[in-house]
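1. no sequence on this one, just coordinates:
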């Protein structure tokens, strides 16, 4: 099985935010090996209004999963941790216990209804993402 280098961003703005991220990182170990984590970063919500700031982190993993298999696994983690709204389905952002985004998957360029790799908003539009990803991309 080949290993794929994947960059992920994780965020939480409900409950014990850092613990939520740490729990998701532990669950991600089941999908592959975590190589590197960024520092935690606090940021304001983007593209929606909330009084709850986010705790964010970037991570690099090696995984044998395909992009869609990884996305399915990530969605399973989000749901099992209590996330109720998926922005792709609802069409807008809301507070969330955990959010995990695939930013890069090797050097793959991939677009479907459910997934875009690389994740252009995080790479080019969001300041907090650029800060977290500066040593990862």
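-> Arrived safely, thanks for sending. Since we're looking at a predicted model, the values are computed, not measured.

2. quick one, what contacts residue 131?
-> Residues near residue 131 by C-beta atoms under 8 Å, 6 or more residues apart in numbering: residue 41. C-beta: built from backbone N, CA, C; applies to glycine.

3. So it: helix, strand or coil?
-> Per DSSP: H, G, I helix; E, B strand; the rest coil, the local secondary structure of residue 131 is helix.

4. Touching whichever helix in the chain runs longest from outside, list them.
-> The longest helix of the chain (DSSP state H) is helix 67-80. Helix 67-80 is touched from outside by 6, 8, 24, 27-28, 30-31, 63, 65, 86, 96-100, 102, 105, 108, 110, 112, 114-115, 117, with contacts defined as C-beta under 8 Å, 6+ apart.

5. where's residue 100, which helix or strand?
-> Following DSSP states H and E, one finds residue 100 within strand 99-105.

6. and the helix or strand following that strand, which strands flank it?
-> Using DSSP H and E, the helix or strand that follows strand 99-105 in sequence is strand 110-111. Its sheet considered, strand 110-111 pairs with strand 116-117 (antiparallel) by DSSP bridges.

7. helix or strand right after the partner strand?
-> Counting by DSSP H and E, the element after strand 116-117 in chain order, helix or strand, is helix 120.

8. unless I'm mixing things up, residue 8 is touching residue 62, no?
-> No. Look at residue 8 against residue 62 with C-beta atoms under 8 Å: they stay out of range, at 11.7 Å.

9. Would you mind telling me which of those two has more residues around it?
-> Using other C-beta atoms under 10 Å as the criterion, residue 8 and residue 62 rank with residue 8 on top: 27 against 14.

10. which one is the more buried one nearest to, not counting chain neighbours?
-> Excluding the flanking residues, the one nearest residue 8 by C-beta to C-beta, 6 or more residues apart in numbering is residue 59, at 5.2 Å.
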